[in-house]
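A.B. asks: Predicted structure and sequence below. I'll ask about it afterward.
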Amino acid sequence: EPEVTQTPSHQVTQMGQEVILRCVPISNHLYFYWYRQILGQKVEFLVSFYNNEISEKSEIFDDQFSVERPDGSNFTLKIRSTKLEDSAMYFCASSKAGRNTGELFFGEGSRLTVL
Amino acid sequence: AQRVTQPEKLLSVFKGAPVELKCNYSYSGSPELFWYVQYSRQRLQLLLRHISRESIKGFTADLNKGETSFHLKKPFAQEEDSAMYYCALRGGATNKLIFGTGTLLAVQP
């Protein structure tokens, strides 16, 4: 069964460094998402991406964040200058549709630790 | 504002006992409600959604618009049901999910 894959599984970085988290969505899916979960807190929506552009973003997704689909298969989340509070589990997800039958399929997550 | 509330962080039951995981939501329109489950060391996966009105692994959930609830129920818990359960809402023209804080279900032998 096809799965969403994410790399790296864990990344440790220094505050102020740039980080890129990578995701390979399921191949015939059209909608892509990033969510994050700070330890002990709820899973929070960051951004959705469709047709090569951001379709929706949350207040969390400020200018420090960007997403890209550079080569038609990867979907990346970049944090330009990491802060301590960016430490979290970042989940990528994809879906065939945005609503109705648009079940989200999640990756296993990338744990980001900012020191 | 859209909000999902799961009042219990932990629910511990014995095998064979009934289970009810509570979920209440706040949304002014007609929402889509979901239950996602995360077993130990596995990814988040969809368990069921209200529009399907189906039973998955013995679990059911009924959307009660009057009480704005979408509680997850199972008549007889199994040890393999032990997991983190998240209620989620999608509403309006958005395609984002709003998650609750999750309930850890622990089924004791």
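C.D. replies: Noted; the coordinates are in hand. Numbering: from 1, shown residues only, chains lettered A, B, ... in the order given.

A.B. asks: Give me the neighbour count for the closest residue to chain A within chain B.
C.D. replies: Nearest residue of chain B to chain A (C-beta to the nearest C-beta) works out as B:Asn95 at 3.7 Å. Backbone N, C-alpha and C define where each C-beta goes, glycine included. Residues near B:Asn95, counting by other C-beta atoms under 10 Å in any protein chain shown, number 21.

A.B. asks: Mind pulling up the pLDDT for it?
C.D. replies: Looking at B:Asn95, its pLDDT is 78.

A.B. asks: go on, B:Arg41?
C.D. replies: 86.

A.B. asks: and what of the one 3 residues further on?
C.D. replies: pLDDT for B:Leu44: 93.

A.B. asks: who's in contact with B:Phe14?
C.D. replies: B:Ala77, B:Val107, B:Gln108, B:Pro109 (C-beta atoms under 8 Å, 6 or more residues apart in numbering or on different chains).

A.B. asks: Show the buried residues in these.
C.D. replies: Among the contacts of B:Phe14, those scoring as buried are B:Ala77, B:Val107 (criterion: 16 or more other C-beta atoms under 10 Å in any protein chain shown).

A.B. asks: and the contacts of B:Phe14, which of them are in strands?
C.D. replies: Residues of the contacts of B:Phe14 located in strands (DSSP state E): B:Val107, B:Gln108.

A.B. asks: Is A:Ser73 in contact with A:Ser27, as I believe?
C.D. replies: Yes: with contacts counted by C-beta atoms under 8 Å, A:Ser73 reaches A:Ser27, the gap being 7.5 Å.

A.B. asks: And the residue most central in space within chain A, how far from chain B?
C.D. replies: By C-alpha atoms, centre = their mean, chain A has its centre lying nearest to A:Trp34, at 3.0 Å. Separation of A:Trp34 from chain B (C-beta to the nearest C-beta, to the nearest Å): 11 Å.

A.B. asks: before we move on, what about A:Val43?
C.D. replies: For A:Val43, the distance to chain B (C-beta to the nearest C-beta) stands at 4 Å.

A.B. asks: contacting residues for the nearest residue to that residue once chain neighbours are set aside?
C.D. replies: Computed as C-beta to C-beta, 6 or more residues apart in numbering or on different chains, the closest residue to A:Val43 that is not its neighbour in sequence is B:Phe99, at 4.2 Å. Going by C-beta under 8 Å, 6+ apart, B:Phe99 touches A:Tyr35, A:Lys42, A:Val43, A:Glu44, B:Val4, B:Tyr36, B:Tyr86, B:Cys87, B:Ala88.

A.B. asks: Mind jotting down where the strands sit in the chain?
C.D. replies: No chain was given, so I picked chain A. Using DSSP E, strands in chain A cover A:5-7, A:10-13, A:19-24, A:31-37, A:43-50, A:53-57, A:65-68, A:75-79, A:88-95, A:105-106, A:110-114.

A.B. asks: that answer is for a different chain, and I need it for chain B
C.D. replies: Under DSSP E, chain B gives strands at B:3-5, B:10-14, B:19-21, B:24-26, B:32-38, B:45-49, B:60-61, B:72-74, B:83-90, B:98-99, B:103-108.

A.B. asks: neighbours around the closest residue to A:Ile60 other than its chain neighbours, how many?
C.D. replies: Counting by C-beta to C-beta, 6+ apart, A:Leu46 is the residue found nearest to A:Ile60 once chain neighbours are left out, at 5.8 Å. Number of residues near A:Leu46 (other C-beta under 10 Å) recorded here: 22.
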